[in-house]
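1. Generate coordinates for the sequence data below:
(one chain, ligands or ions: 1)
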Amino acid sequence: MSYCPLRLEDYDISPVHGFLPTQPPLRRLTDLYYEPWESIMDKFNHYLLGHHIRRLVREMPILSTDKLSTQAEYQRAFTILSFMAHAFVWGRNGAASEPASEFLPPSISIPWVAVSEYLQLNPVVCCAAVCHWNWQVLDENAEDLMSIDNLGTLHTFTGSMDESWFYLVTIAIEAKCAPGLNAILSAISGVESNDIQQVTQSLVQISQALREANYILERMYENCDPYIFYWKIREFLAGWENMADAGLPYGVLYEGVDDTDTFSLDNWQSLIRRFRKYAGGSAAQTPLLQAFDIALGIKHYPTGKRGKQSSVEEARRTLREQGISEPPPANSYLVRMRDYMPGGHRHFLQDLAETCRIREYVLLKCSDSLLHTGFINDARVLLRKEYNSCLEMMRSFREKHIMMVTRYIIAPARNGSSVFVPAVAPVSSHVIPPEVQTQAFAHSFVHPPPGGRLGGDSLPADPTMYPQTNKGGSGSLKTPPDVHSRSVPQTPSPSREKARLARTVNDDSVIRGTGGTDAIQFLKQVRNETAQSRV
Ligand code: HEM
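-> Numbers count the residues shown, from 1 in each chain. Predicted coordinates:
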């Protein structure tokens, strides 16, 4: 086989399991030093159910990360700190006595930030935490070790089979698509050496991997109930961006990390700017689909903007200008999700975009002019067929995924919760003085933060939606409140917070996101761009 400049291992990608680690994730940090973390995880669901998490986390010592040495240990630390942190912030399903917490105690925030810096991702729940680093093999002797039926999760928030299954579908898709990643590299080297058979054969393997992904995706319905997903699971996966209605108008302050400057403690405005805003967990944070997009040359444009897929002319130009890097997908939401991927995986996507010219190769080999002048031969017909078959698998995956979003988000939101939530008097966790709350609240509507931390140093302004983490109160998105007539922002009651946290659908049945754009519109556009990439 000819040379391919990329090696999966250089990016923490497993040749056998793709973006999952080759060895199953650690089930425990064996150094007894970390026992305070592990002993909470031993009874995590019970503690969460019985409202013990906040007390236990506050009582936890601040542990150093110095005793973590392997990548697997860091990954385990990240996963368990993520579970504890989100359980701490969101409390027990919006129980009456537990509104969302705007503060993460130093026992979580200090090690969590240190571990996330090591892994080069944001300290917030992400796909890697709940899927990539959260699985086990059930039967070591099974014929197909990584079949979804032979996998289990290590941790869930709710202790439900539905939540396990929700993660397992993604985990199994990752595992089954690993051959597709190897095939991408093989196709790249085939292009380098102008070996049309190798490129075609690699495309066959990519489309087989994607066929598996389609099949596994549809199995979501088997064991994950949309009601449970929407009303029980999803709220724990939410982040702290655009969560004013859910009780987090400024995001979350990572105590001991962002408030160490004593000046800020005397100055509330300055302190509020230290709050972090992060999107929550979503399978959109898997590098897998983005890797296939890049490999197949599918371009995604900002939501609402129509763009063209590359033509033969552009393919010629790109090949002439070897070495000039291909810009990342222009859809800022997809680009933004890369900050929630481990560093190695993110760098792989960047380098893949610079290296991969499969679409250009197919376009040039199978251009219409060649077809019309009779130069076409069987190898070229086959190349085009297999390339288009990959696109069809990607399109079909996205089509199924849109239907899934309709069944798991839109329908349950429309039907409402069947659980009676009694009206309770507002209980505030906010310790910020009311007058400062008023100013900051007004400020956040008049000048919405550009994303990332308040003060906007990391994430670009993005009008694209992120409904899984949005409070989605239709009123606030459609009609900003009259900030001048507001005296003190109402602290939502926990029961209202719960409803708002889960509710992301307006009366017109549109899932709204950060900038008021529409999730289904985004997903349909991404699907259409995939379909339009056929050659
Ligand atoms: C109950 C199941 C699921 C629901 C309700 C769901 C929901 C959503 C929603 C609302 C979005 C829009 C952006 C966001 O909010 O993150 C999205 C995007 C996305 N989801 Fe899912 N999702 C589900 C399962 C999956 C699975 C199993 C995968 C694959 C591993 C997946 C992969 C993606 C990807 C790659 C995107 C980005 C858009 C794209 O590239 O097509 N999702 N999902």
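
2. show me where the stretch 201-350 of the chain has helices.
-> 220-223, 226-228, 234-237, 262-266, 268-272, 287-296, 312-320, 332-336, 343-355 (DSSP state H, counting those that start in this stretch).

3. who wins for proximity to Phe44 among those helices?
-> Taking C-beta to C-beta, helix 234-237 is the member of those nearest to Phe44, at 11.5 Å. To be clear about C-beta, it is placed using only N, CA and C from the backbone, and glycine gets the same treatment.

4. ok, for the closest residue to the ligand within the stretch 101-250 of the chain, nearest residue in space, not its chain neighbours?
-> As assessed by C-beta to the nearest ligand atom, the ligand sits closest to Thr170 within the stretch 101-250 of the chain, at 4.2 Å. Spatially, and ignoring its direct neighbours in sequence, Thr170 is nearest to Cys131 (4.5 Å; C-beta to C-beta, 6 or more residues apart in numbering).

5. Tell me, how many residues neighbour that neighbour?
-> Cys131 is flanked by 26 other residues according to other C-beta atoms under 10 Å.

6. for the stretch 351-500 of the chain, which spans come out with low pLDDT?
-> Scanning the stretch 351-500 of the chain with the threshold set as pLDDT under 70 gives 369-377, 419-500.

7. Check it for the residue nearest the ligand and tell me.
-> Closest point on the stretch 351-500 of the chain to the ligand, by C-beta to the nearest ligand atom, is Tyr408, at 3.7 Å.

8. mind checking the backbone torsions on that residue?
-> phi -100, psi -10 (degrees, to the nearest 10).

9. got a list of what the nearest residue to it once chain neighbours are set aside touches?
-> Sequence neighbours aside, Pro226 is the residue nearest to Tyr408 in space, at 4.5 Å (criterion: C-beta to C-beta, 6+ apart). For Pro226, the contact set (C-beta atoms under 8 Å, 6 or more residues apart in numbering) comprises 407-408, 411-412.

10. Can you select the buried ones among those residues for me in ChimeraX?
-> Selection of buried members from the contacts of Pro226 for ChimeraX, criterion 16 or more other C-beta atoms under 10 Å:
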select :408,412
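
11. can you tell me which of the contacts of Pro226 are in helices?
-> Counted as lying in helices by DSSP state H, out of these, are 411-412.

12. Out of the contacts of Pro226, which is nearest to Lys232?
-> Pro412 (10.4 Å).

13. Could you identify the longest helix within the chain?
-> Max-length helix for the chain by DSSP H is helix 378-405.

14. Give me the helices and strands touching it, please.
-> helix 196-218, helix 287-296, helix 358-365, helix 519-531 (3 or more C-beta pairs under 8 Å, 6 or more residues apart in numbering; DSSP states H and E).

15. can you redo those as a markdown table with mean neighbour count?
-> Below are those laid out as a markdown table (neighbours: other C-beta atoms under 10 Å):
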| stretch | mean neighbour count |
| --- | --- |
| helix 196-218 | 21 |
| helix 287-296 | 24 |
| helix 358-365 | 22 |
| helix 519-531 | 20 |
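
16. would you turn those helices into JSON lines with distance to the ligand?
-> Output for these, formatted as JSON lines (distance: least, C-beta to the nearest ligand atom, whole Å):
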{"stretch": "helix 196-218", "distance to the ligand": "6"}
{"stretch": "helix 287-296", "distance to the ligand": "4"}
{"stretch": "helix 358-365", "distance to the ligand": "17"}
{"stretch": "helix 519-531", "distance to the ligand": "4"}
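
17. Any chance of the ones you listed in CSV with distance to Lys277 as columns?
-> Formatted as CSV, these follow (distance: least, C-beta to C-beta, whole Å):
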stretch, distance to Lys277
helix 196-218, 30
helix 287-296, 23
helix 358-365, 36
helix 519-531, 19
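
18. any idea how far stretch 71-88 is from the chain center?
-> 16 Å (C-alpha atoms, centre = their mean, to the nearest Å).

19. What ranges does the chain have for its strands?
-> Along the chain, counting by DSSP state E, strands occupy 103-104, 135-137, 151-153, 253-254.

20. The ones you listed: which one's closest to Phe44?
-> strand 151-153 (12.0 Å).

21. circling back to that earlier point, identify the residues contacting the residue of the stretch 101-250 of the chain closest to the ligand.
-> 127, 131, 283, 286.

22. near the ligand, which of these show up?
-> Contacts with the ligand within these, counted by C-beta under 6 Å from any ligand atom: 283, 286.

23. Any of the contacts of Thr170 buried? List them.
-> 127, 131, 283, 286.

24. Show me which of those residues has the smallest pLDDT value.
-> Taken together, these show their lowest pLDDT at Ala283, with 94.

25. you'd agree that residue is up against Cys127?
-> Yes: with contact defined as C-beta atoms under 8 Å, Ala283 counts as touching Cys127 (5.6 Å).

26. which residues touch the closest residue in space to Glu386 that isn't next to it in sequence?
-> Distances taken as C-beta to C-beta, 6+ apart put Leu203 closest to Glu386, at 3.8 Å, once the chain neighbours are dropped. Each residue near Leu203 by C-beta under 8 Å, 6+ apart is listed here: 183, 187, 358, 383, 386-387, 389-390.
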